[in-house]
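**Student:** Need coordinates for the following:
(one chain, ligands or ions: 1)
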Amino acid sequence: MASDYAVQIEYLTHTYFTKTEEVTAIRSLSLTVQPGEFVVLVGPSGCGKSTILSLIAGLITPASGRIQLFGDPVNGPSPRIAYMLQKDGLLAWRTVAQNMILGLELRRQATAAAIADTHRLLDEMGLSHVAHHYPHQLSGGMRQRVALVRTLAVRPDLLLLDEPFSALDIQNKIHLEHLLTNVLKEQQKTAILVTHDLEEAIAIGDRVLVIGGRPGQIKYTLPIPADIRALPPLEARAHPSFRSLFSELWREVNRIEKLA
Ligand SMILES: Nc1ncnc2c1ncn2[C@@H]1O[C@H](COP(=O)(O)OP(=O)(O)OP(=O)(O)O)[C@@H](O)[C@H]1O
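**Tutor:** Next up, the predicted model:
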């Protein structure tokens, strides 16, 4: 029977083989993500968060277990997924306008309508005035906004976000969180974010999963209450329950780190 989940992971195990050692990064991990849900992965360094994203993206093949995307098995990179990383990956010799359609070009989807859509997104990000600038002429926050436009331009059903805002100052970070969550809500996209920033996790996620142990497994789940989820990221941080959720998450991440 076809699955109704955006992502369904069952008993996933992954081992890296190097010349000198074998590292089992993930063992027997099961997880489901609902369409439209925003799931955040946090946990100590090296616990396997990025590996989970790479497996979902079909960039690496698991040793065992099963991953389904919108009911279809993952057998390699899927056009339904877009990936955004901490490094913006903008090409220095292309303008902002040319950079933001790169994904569309690679997928042979750079139609006039699709390009017009990216210009609308660029406008929403407050960046129309730099469409003809080159990346070196932009600030870090602007570059990451362009990278976000490029990620959204291909109209992915699932966004995988690996610490996309971690190099930004707090103002830029909250601004980008705001832009991201607005677009995700408007377009009802599913997203999985990896972050080390526990405040960010609570302010923008629907559900936060603490990954830990060696090999990595889900050790703790923190559902974010509906009244916090309804708020923009800055206002969420000022909600009366925010501090106690932060303490709960902090305690769990530290407890798991000590056990590792
Ligand atoms: N290509 C690789 N070859 C060998 N081992 C790897 C490889 N990539 C990751 N690992 C190992 O797998 C484990 C999980 O790594 P992963 O990058 O998924 O963790 P992470 O939780 O994302 O870490 P961080 O928070 O530091 O980015 C670590 O022990 C890491 O050293």
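**Student:** Outline the domain layout of this structure.
**Tutor:** 7-80+159-259, 91-155 (automatic domain parsing).
**Student:** sec struct for residue 116, please.
**Tutor:** The three-state label given to residue 116 by DSSP: H, G, I helix; E, B strand; the rest coil is helix.
**Student:** sec struct for residue 105, please.
**Tutor:** helix.
**Student:** actually residue 167, sorry about that
**Tutor:** coil.
**Student:** and the residue nearest to it when sequence neighbours are not counted, how far is that from the ligand?
**Tutor:** Sequence neighbours aside, residue 86 is the residue nearest to residue 167 in space, at 5.8 Å (criterion: CB to CB, 6 or more residues apart in numbering). Glycine gets a C-beta too; all of them are placed from N, C-alpha and C. Taking CB to the nearest ligand atom, to the nearest Å as the measure, residue 86 falls 9 Å from the ligand.
**Student:** for residue 190, same thing?
**Tutor:** For residue 190 relative to the ligand (CB to the nearest ligand atom), the value is 20 Å.
**Student:** Could you confirm residue 10 falls within a strand?
**Tutor:** Yes - membership of residue 10 in a strand is supported by three-state DSSP.
**Student:** Could you pull up the contacting residues of residue 55?
**Tutor:** 9, 12, 14, 26, 62, 67, 74 (CB atoms under 8 Å, 6 or more residues apart in numbering).
**Student:** how about a cut-off of 7 Å?
**Tutor:** Contacts of residue 55 were listed using CB atoms under 7 Å, 6 or more residues apart in numbering, and they are 12, 14, 62, 67.
**Student:** next one: residue 140
**Tutor:** 167, 168, 172.
**Student:** Which of those has the largest number of neighbours?
**Tutor:** residue 168 (20 neighbours; other CB atoms under 10 Å).
**Student:** can you pull the pLDDT of it?
**Tutor:** Looking at residue 168, its pLDDT reads 84.
**Student:** And the nearest residue to it once chain neighbours are set aside, how far from residue 230?
**Tutor:** Closest residue in space to residue 168, ignoring its immediate chain neighbours: residue 141 at 5.6 Å, by CB to CB, 6+ apart. Per CB to CB, to the nearest Å, residue 141 is found 26 Å from residue 230.
**Student:** quick one: which of those two has more around it?
**Tutor:** Ranked by neighbour count (other CB under 10 Å), residue 141 and residue 230 place residue 141 first, with 16 against 11.
**Student:** That's all I had, so thanks and see you.
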